[in-house]
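*Asks:* sequence plus the predicted model coming up.
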Number of protein chains: 6
Amino acid sequence: MYHHVKKLMYTVRVDTPDPAFGNMLLEQFGGANGELAAAMQYSIQGLNCEDPERKDLLMDIGTEELSHLEIVGALARLQLKPLKFDRDAAEQDPLIAIAGGGGVGLFNSQGNPWTADYLKITGELDVDLRSNIAAEARAKIVYERLINHTDDPGSVDALQFLMTREITHMKAFSAALESMEKPPFSIGRLAATPKLVDEYFNASTGDGDEGDTDMHGPWQTSFGLQPVESPMVGGQGLSNGAIDGVAGYEARGKQDSAQKATTATKVQTVDKKPIPKNENAAQKGRQSTMEGEPVISTK
Amino acid sequence: MYHHVKKLMYTVRVDTPDPAFGNMLLEQFGGANGELAAAMQYSIQGLNCEDPERKDLLMDIGTEELSHLEIVGALARLQLKPLKFDRDAAEQDPLIAIAGGGGVGLFNSQGNPWTADYLKITGELDVDLRSNIAAEARAKIVYERLINHTDDPGSVDALQFLMTREITHMKAFSAALESMEKPPFSIGRLAATPKLVDEYFNASTGDGDEGDTDMHGPWQTSFGLQPVESPMVGGQGLSNGAIDGVAGYEARGKQDSAQKATTATKVQTVDKKPIPKNENAAQKGRQSTMEGEPVISTK
Amino acid sequence: MYHHVKKLMYTVRVDTPDPAFGNMLLEQFGGANGELAAAMQYSIQGLNCEDPERKDLLMDIGTEELSHLEIVGALARLQLKPLKFDRDAAEQDPLIAIAGGGGVGLFNSQGNPWTADYLKITGELDVDLRSNIAAEARAKIVYERLINHTDDPGSVDALQFLMTREITHMKAFSAALESMEKPPFSIGRLAATPKLVDEYFNASTGDGDEGDTDMHGPWQTSFGLQPVESPMVGGQGLSNGAIDGVAGYEARGKQDSAQKATTATKVQTVDKKPIPKNENAAQKGRQSTMEGEPVISTK
Amino acid sequence: MYHHVKKLMYTVRVDTPDPAFGNMLLEQFGGANGELAAAMQYSIQGLNCEDPERKDLLMDIGTEELSHLEIVGALARLQLKPLKFDRDAAEQDPLIAIAGGGGVGLFNSQGNPWTADYLKITGELDVDLRSNIAAEARAKIVYERLINHTDDPGSVDALQFLMTREITHMKAFSAALESMEKPPFSIGRLAATPKLVDEYFNASTGDGDEGDTDMHGPWQTSFGLQPVESPMVGGQGLSNGAIDGVAGYEARGKQDSAQKATTATKVQTVDKKPIPKNENAAQKGRQSTMEGEPVISTK
Amino acid sequence: MYHHVKKLMYTVRVDTPDPAFGNMLLEQFGGANGELAAAMQYSIQGLNCEDPERKDLLMDIGTEELSHLEIVGALARLQLKPLKFDRDAAEQDPLIAIAGGGGVGLFNSQGNPWTADYLKITGELDVDLRSNIAAEARAKIVYERLINHTDDPGSVDALQFLMTREITHMKAFSAALESMEKPPFSIGRLAATPKLVDEYFNASTGDGDEGDTDMHGPWQTSFGLQPVESPMVGGQGLSNGAIDGVAGYEARGKQDSAQKATTATKVQTVDKKPIPKNENAAQKGRQSTMEGEPVISTK
Amino acid sequence: MYHHVKKLMYTVRVDTPDPAFGNMLLEQFGGANGELAAAMQYSIQGLNCEDPERKDLLMDIGTEELSHLEIVGALARLQLKPLKFDRDAAEQDPLIAIAGGGGVGLFNSQGNPWTADYLKITGELDVDLRSNIAAEARAKIVYERLINHTDDPGSVDALQFLMTREITHMKAFSAALESMEKPPFSIGRLAATPKLVDEYFNASTGDGDEGDTDMHGPWQTSFGLQPVESPMVGGQGLSNGAIDGVAGYEARGKQDSAQKATTATKVQTVDKKPIPKNENAAQKGRQSTMEGEPVISTK
């Protein structure tokens, strides 16, 4: 259950409205990394969460983000207000001007409507916490860029407040992830296949002739990784033979077994059934209507 | 520049097509955490990246994900093939059956078209690496759930291959982030406001009466954090006074200064301009057309 | 500023989960007429509202809808929970099952992500109140249909609670509209053109030959309306001559004046400019690159 | 069956093209409250309508809106035509310029493609009429704002024509709703719960300290309503006990009964089933693959 | 399986960045007719294709388009780079500036995210080839328009390269279609109904009174076509009686048979079932809850 | 201007409603290749068309498609009607059942809302005609598949009618394209680069080892084409040197000139400007806030 107090969590002030900057601010109101996205992502994760401690964390931060949404909205509205009557301002964002009467709406800086496709919710708690840490990092850098594009003191202060809180939340989500004490690189319960999991595949190569050369870094050798060259440039390729889907499960479809689809034209394990429901129709002439009669050659 | 070799990175095999499961597989073909999303997120980050070492990493993994897209597509197509002629199968996914002729398309398991809104690309390298770590974790858990919903050996193997590679990539992105040697919780260049950044705000509370009670955990006290109660339940609230947007920048809009917008009705710092372009029109009668004459009371 | 109490506004109970019905419930969680749509529509109208009394109303109801969102989410989650592990249930909504781990997400009953395109926000208070009255009526009928499709007592009760509140809100928005004391059919400040405004245009006709016949009703004669037949069936058509855009504004583009675009091929008032920036290029051969050289005949 | 006559319902004229204004006009061509939205909303409601009289009304107005779509399109096209060759104009709307060759498309003023999500169609006639009344009010105010942003006489006239017709339609839809003679606030057939339906819930409060104070108005006391304070600020809350889903239906899930989900962590009515299809696999080691083993404590 | 070489297929050069033009270029990066759309359309058609020869063609061109995507992206990025720090540039595309840090993303020139709705994939090979021919023609004209809007030599060259390749692909797809040796206007296997198929229906007429007059052209008389006037203007209408769905299939629903839905209000062939699951409930009072009791009159 | 006659262009009949098939029919009501898409694509092309003859053609067919939309809608509605009250039917399409009350809406067979992204409109007449030919071919095959999935005689007949008309339109659009007498492969006015335009690039290769082998066909040698191997497999690659953007235009950025961006990391032609607006701020400490200080090495 929610309650609203008619006071902003951080009081905003704008000296001279700057509609183009107001438009940029919408990125944090109705944009992909904005406050509604944060509020919904954490609150719905919380609604689904069965761990009462971390559920509380998700609801705490999800609710705070709703209060941030209100702050960004109030700030953007002050910046965008001239759009209603001023033709030059209206051209900055005709959607807000003509359809919205100068008020804010759930759009991003280019007028795209907010969509739940922005959210990352899997119902797997440690995975969701990783998504949240990344989301806070993104929101932080977006606020920094907004600050870089304005000189209005009140706007800078409000954005500094909001930017600071993203770091606070990043700390809290990181602590919650650590407190779960999962081994590194352990996600869910199914184990990755040994050997194959440690092969760094070099799928992009270069010799510097008018392009880039191959580069090296710890990402090829850390955490047990080692580089593998592609068969497309003469390398050995990945250890596909190591795959054994589920330990102890006998009826395996191993990579060395006989019949396989490759690039999907030559092998056909699908039964060539007649069309089940239309048999009578077929006898009466409809068989001539079947498009794409299977022309598949069997290996 | 890309080259394609007409051989799958991992050869797939399906014994008995299972259209409903084929539909689920589309989640990793055209879905939010699927292989096209991964391929595009990393490759476009790579295209924008000015650090030649980590750009190479992004292109390596982005290209490998394209090869994975091909694997998932080949697997889903074998499972979905009966949709073209079999009416019962067609009801599993009428879009694939009727519009796609039984072939795969860039849709998720519920028929939503793939959208670039799934991608997280900020152009800030360490932030993007965090988004990628989270993306790999999400893809891993999705493959695990798919494995849990099939008993077809060939499908299990192919999914195990793909699931394993997500962990490989998670390791590589983590190593790349570590190799940047940034301090923890440091994003971009603007510093968070001290004191305020360490306040964990308890925005969701409960006393257990038919609901949950307040919970506690390390996320309230780690990394310098300490809990703060909301003024809505009698607490002190956040240290808004600590805000000072940019160090040394004098013309600050401090929280204790006089004129502020609060919940945005009472204070008005926007100049009440007449409508600039229509002055003549107004004299001729158009002034009666102005909607919403400002009725704002000044504090 | 928002606060969350860890107790549902209406406690929900589900005896036997019914995943297909849980899927239907998502219509009111992440669907077009659902609780998030209501919460956002009213709260953002409130954020933009400059009338402090009705702003309070909008925030009251907008906030209550957030609490309803939580109720519907909790109810749908109990119904959908089997999707995580049960293959048959998973086929009901593979998106929730595979990508969401059985938890609710901001999707409708067919898996479409919530979008701000569902919202109707114009920033014109009386218009927004009309949109809200219609929105509450839609939500009411949707809840009624949901009740008709379940026999689970706890679900019926929770839906009855939510359905009842829609009528409450419909009353409140209607009272707020009435309290503005605007004349009927008066929207904004620009007056409609007399005579033309009262012409009911009969654009769909029929004589009953294997189709429908023309019907009559008070909508052709109430509020000063009178029927007008289309020139396409030999009628007089609308009184276009009555148009005089803005009273007293002299330089009118009357319908009887000389040059007009009709169906837009014959008249050309656009200046045929040469392409401004490429003049030099044109001299050097680029003039041959101009597509679609205007072939417009002037009347 | 439709027929088209190659003459506009209202002949349009533009003296000097104004591409930025042409862009604004697209709001009524391919935008949320535009003519295609109106044409489709009413025509499809008509297609579904089983009341032959009001079906006729819906087809009359739906068809007229198609003619309006043609008018707005012709007007916008004249304003946008310079986009094809003039670089400065092209920057106003690069999508129209580069992809559309200067012609109109079904986009709004910010380039968003028209979507059926704009439509409100429930198949419940009186509800649909309310949605239509609100839709006409929105379209009216949008045309008024467009008139306020141009001084071109021909454009003002065409917009005045279109704006006037919205009021005509608002009258007709209002008359049709009245003619159904439904009691006020009666939607569908299921009755709202007495007492609960009359409680106005004060979910947003304030004491004026740097924010707004609580406001009062007839929306709290009209139509039988009376204000109720939230338990979150010490009030009594809503009369949840009044709920009795369907009169006479015995097996009620009353609010005072024993086991309930609250904020959904503590109570568990879902049977803890083993995963049905994978039992054998589980014995062979797959049991270790189950994510999120239920950790739910029962009250 | 894919491999990436770290060298562009065509090396790009930009002398002076032009952010507004960079924005236009995005049309071919993340737009409807852009390189990702081409790459995905052809590659996925290839993945589904069972004709190994033309599958190879689809993969050849699909892969080349991926290399083009990289070229357009590199070119747009150079043009857009100032957006990160330059406020004026940032206003050209705030989404790229604020959310993307000046890097390219999968958006079109108006910031819409790329969507799989752009793709045309039917799984019917000759149909897909027609879609591809049209797609190449569209891409060609878009590149031509881009060239017309820049004077930067390096950009013109790169665009000329890409534009040329579209013609190459148009040739290849046309040759592949011809090589299938299908009769003209033969799609799939079901034959069109003779006589009816040759009737050109004149659904838009005019007499020139302030509008256009009826026009004539070979499209009314070629390939066996002949013009037919609409019954709405006194013509004979189409030869509906010629319809006989499937040759030899007896139980036909001929147009002269008895019961038909016309404009769908008067005829009712749907059984009026009682609501199946709620019978008991109905006895206990729920019968009053049924909305829209069928009020259909039978002819 | 449009007129509607209350009689279907083809009277529909359904004997036994089949909700799952009704769902499939929605593909042609609100789907990507459906009747609204056709009606809008042709009508809007017509609205923009400056060739009065072919404009008439576009309006003729665009208007006929509106009449087809009405037919498909009436047919689908009869099939879907049980969704309103029958729980089993409702599960076939909960969106239609719960939100739409059993009536049709502008959704496809998987519930996705119709979007203008389905349309292909470029404003270049011959290109648009090619898009229309392809669109008709797609619609034809979709109707054929629908016929293959039903045995209801009335539905088969109505679909046969609609399918036949697609071939009619395909003939008319083909005749219109031919009548323009453009040379083959000539699009717009800018010429393709000789030599380069004739190079078929073999971007996908194979040697048959568990995959496909390279295939050959007339698409590599027709219309002047000849195959070229990729430098990635040791071939010569494309004739990039042939590029000379605009004939006779001297200030060329030839591929052999000095400074170029390659894969975009090593060369930098963008001026390294200081951030223009924030210079003072920088002196006061903000210089530390600049993210991503250019770290670009120059070749």
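*Replies:* All right, it came through fine.

*Asks:* would you list every one of the strands in the stretch 151-299 of chain A?
*Replies:* A:199-202, A:204-205, A:226-229 (DSSP state E, counting those that start in this stretch).

*Asks:* could you give the mean pLDDT of the shortest one?
*Replies:* Read that as strand A:204-205. Across strand A:204-205, pLDDT averages out at 96.

*Asks:* check what contacts that strand and list those residues.
*Replies:* Residues outside strand A:204-205 that contact it (Cβ atoms under 8 Å, 6 or more residues apart in numbering or on different chains): A:214, A:230, A:233, B:56, B:59-60, B:62-63, E:3-6. The way it works is simple: take the backbone N, C-alpha and C, and place the C-beta from them, glycine included.

*Asks:* point out the residues in the stretch 101-250 of chain A that sit beside chain F.
*Replies:* Contacts of the stretch 101-250 of chain A with chain F, taken as Cβ under 8 Å from any Cβ of the partner chain, map to A:141, A:144-145, A:147-148, A:151, A:206, A:210-212.

*Asks:* and if we set it to 7 Å?
*Replies:* A:141, A:144, A:148, A:151, A:210-212 (Cβ under 7 Å from any Cβ of the partner chain).

*Asks:* can you give me every residue that contacts A:Val14?
*Replies:* A:Val14 is in contact with A:75, A:78-79, A:152, A:154-155, B:269, counting by Cβ atoms under 7 Å, 6 or more residues apart in numbering or on different chains.

*Asks:* in helices only, show me those residues.
*Replies:* Among the contacts of A:Val14, the members found in helices (DSSP state H) are A:75, A:78-79, A:154-155.

*Asks:* for the residues you listed, which single residue is the most surrounded?
*Replies:* Greatest neighbour count in the ones in helices among the contacts of A:Val14, by other Cβ atoms under 10 Å in any protein chain shown, goes to A:Leu75: 30 neighbours.

*Asks:* which residue comes closest to that residue once chain neighbours are left out?
*Replies:* A:Val12 (4.6 Å; Cβ to Cβ, 6 or more residues apart in numbering or on different chains).

*Asks:* that neighbour contacts A:Arg77, doesn't it?
*Replies:* No. A:Val12 sits out of contact with A:Arg77 when judged by Cβ atoms under 7 Å, with a separation of 9.3 Å.

*Asks:* and these two? Which one has more around it.
*Replies:* Counted by other Cβ under 10 Å, A:Val12 and A:Arg77 do not tie: A:Val12 has more neighbours, with 29 against 26.

*Asks:* and the more buried one, how far from C:Gly123?
*Replies:* A:Val12 sits 19 Å away from C:Gly123, going by Cβ to Cβ, to the nearest Å.

*Asks:* kindly report the same for A:Val14.
*Replies:* Per Cβ to Cβ, A:Val14 is found 18 Å from C:Gly123.

*Asks:* grab the most central residue of chain A for me.
*Replies:* A:Lys120 (5.5 Å; Cα atoms, centre = their mean).

*Asks:* the residue lying closest to that one once chain neighbours are set aside: how many residues sit nearby?
*Replies:* Nearest residue to A:Lys120 in three dimensions, chain neighbours excluded: A:Ser131, at 4.0 Å (Cβ to Cβ, 6+ apart). Residue neighbour count, defined by other Cβ under 10 Å, stands at 27 for A:Ser131.

*Asks:* contacts only, for A:Ser131.
*Replies:* Residues in contact with A:Ser131 (Cβ under 7 Å, 6+ apart) are A:120, B:134, B:138.

*Asks:* just curious, which of the residues you listed is nearest to F:Leu47?
*Replies:* Nearest to F:Leu47 among the contacts of A:Ser131, counting by Cβ to Cβ, is A:Lys120 at 41.7 Å.

*Asks:* the closest one contacts A:Gln41, doesn't it?
*Replies:* Yes. Counting by Cβ under 7 Å, A:Gln41 is a contact partner of A:Lys120 at 6.4 Å.

*Asks:* quick one on the thing from earlier: in strands, which of the contacts of strand A:204-205 appear?
*Replies:* Within the contacts of strand A:204-205, residues falling in strands by DSSP state E are E:3-5.

*Asks:* close to chain A as well: tell me which of the residues you listed qualify.
*Replies:* Answer for the ones in strands among the contacts of strand A:204-205 near chain A (Cβ under 7 Å from any Cβ): E:3-5.

*Asks:* between those residues, which is nearest F:Gln110?
*Replies:* For those, the nearest to F:Gln110 is E:His4 (33.8 Å; Cβ to Cβ).

*Asks:* what about the closest one, distance to B:Leu58?
*Replies:* In this view, E:His4 and B:Leu58 are 11 Å apart by Cβ to Cβ.

*Asks:* before we move on, what about A:Arg165?
*Replies:* 30 Å.

*Asks:* neighbour count winner among these two?
*Replies:* In this view A:Arg165 and B:Leu58 are compared by other Cβ under 10 Å, and A:Arg165 has more residues nearby, 29 against 26.

*Asks:* who does the residue nearest to A:Leu75 bridge with?
*Replies:* Per DSSP bridges, the residues bridged to A:Val12 are B:Ala261.
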